[in-house]
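> One predicted model, sequence on top.
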Amino acid sequence: MAWTNNRKILVPLFWIDPTEDDVEEQVQQAIRRRVAGFKVICNKFYPDDRRALMVFQMIAQERKPILFHSGILWDGQNSSRYNRPAAFEALLDVKGLVFSMAHIGWPWIDEYIAVYGKFQNAFSLNDELSAQMFVDITPGTPPIYRREALVRLFGVGYDLENNVVFGSDCTTAAYDKEWTRQWIARDLAIYEEIGLSKNTIQAVFGGNLKRFLKVGQLEHRNAKSAE
């Protein structure tokens, strides 16, 4: 969900398993139906899986972003090893990919921040070919770790203010407004404490996500198709 012109809009992402036999057709069909991007959870394969990298490159060529899970995966399976932040360095080889990694990679927050620094450096050297990483701070960090995580993230000195996005991790069918309000209030208190600028805070809570999802371009295409 994103805000634009003081309106809430639903922006669809399509969840794929890039190791499935028919995944290429799934991707093409989703693009024909104008999804904004794709969701991937590496629950039985590593990000450098050859089949997955081919799919990620196809998505990058279509100029669609990918939202990845990262960090501990609460699925009751032996799967978190596939989601260590450092494993996503493999995406450096996917030319032009725009992607985010959710939950700041908790509990591997320091590793996550270091990986972002590596992608940011590569992107600054060649923004046309290098993958661009966004930092997704959707809660995964329990409240007791939240301040430490955000202080480290915004204090590390990397150029990231325009690449951090907030999410609630709630579902549309049973959206927990109170849960979301609590996390927003908690984060705002931390931002005030560390002196984050108003512009950066606004970007984190909306502007950066709209840029990640290309919301403005979506609205323009939808308006054209309605004519």
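All right, it came through fine. Numbering: from 1, shown residues only.
> my guess is S79 contacts F45, does it?
No - at 9.8 Å, S79 and F45 do not qualify as touching, with contact defined as CB atoms under 8 Å. To be clear about C-beta, it is placed using only N, CA and C from the backbone, and glycine gets the same treatment.
> Would you mark the buried spots in stretch 131-149?
131-141, 146-147, 149 (16 or more other CB atoms under 10 Å).
> Stretch 58-70 too?
By neighbour count on 16+ other CB under 10 Å, the buried set for stretch 58-70 is 58-60, 64-70.
> How about stretch 162-176?
Buried-residue list, stretch 162-176, by 16+ other CB under 10 Å: 163-168, 170.
> now, which of these sits nearest D22?
Checking these against D22 by CB to CB gives G167 as the nearest, at 28.9 Å.
> Checking the residue lying closest to that closest one once chain neighbours are set aside next. Helix, strand or coil?
Nearest non-adjacent residue to G167, counting by CB to CB, 6 or more residues apart in numbering: T138, 3.4 Å away. T138 falls in the coil class when you classify it by DSSP: H, G, I helix; E, B strand; the rest coil.
> List the residues that contact the nearest residue to Y175 once chain neighbours are set aside.
Excluding the flanking residues, the one nearest Y175 by CB to CB, 6+ apart is S168, at 7.8 Å. Contacts for S168 (CB atoms under 8 Å, 6 or more residues apart in numbering) come out as 138-139, 175-176, 179-180, 183.
> ranges for the helices of this structure?
Counting by DSSP state H, the chain has helices at residues 23-32, 50-61, 109-125, 143-155, 177-194, 198-202, 208-213, 215-226.
> Thank you, goodbye.
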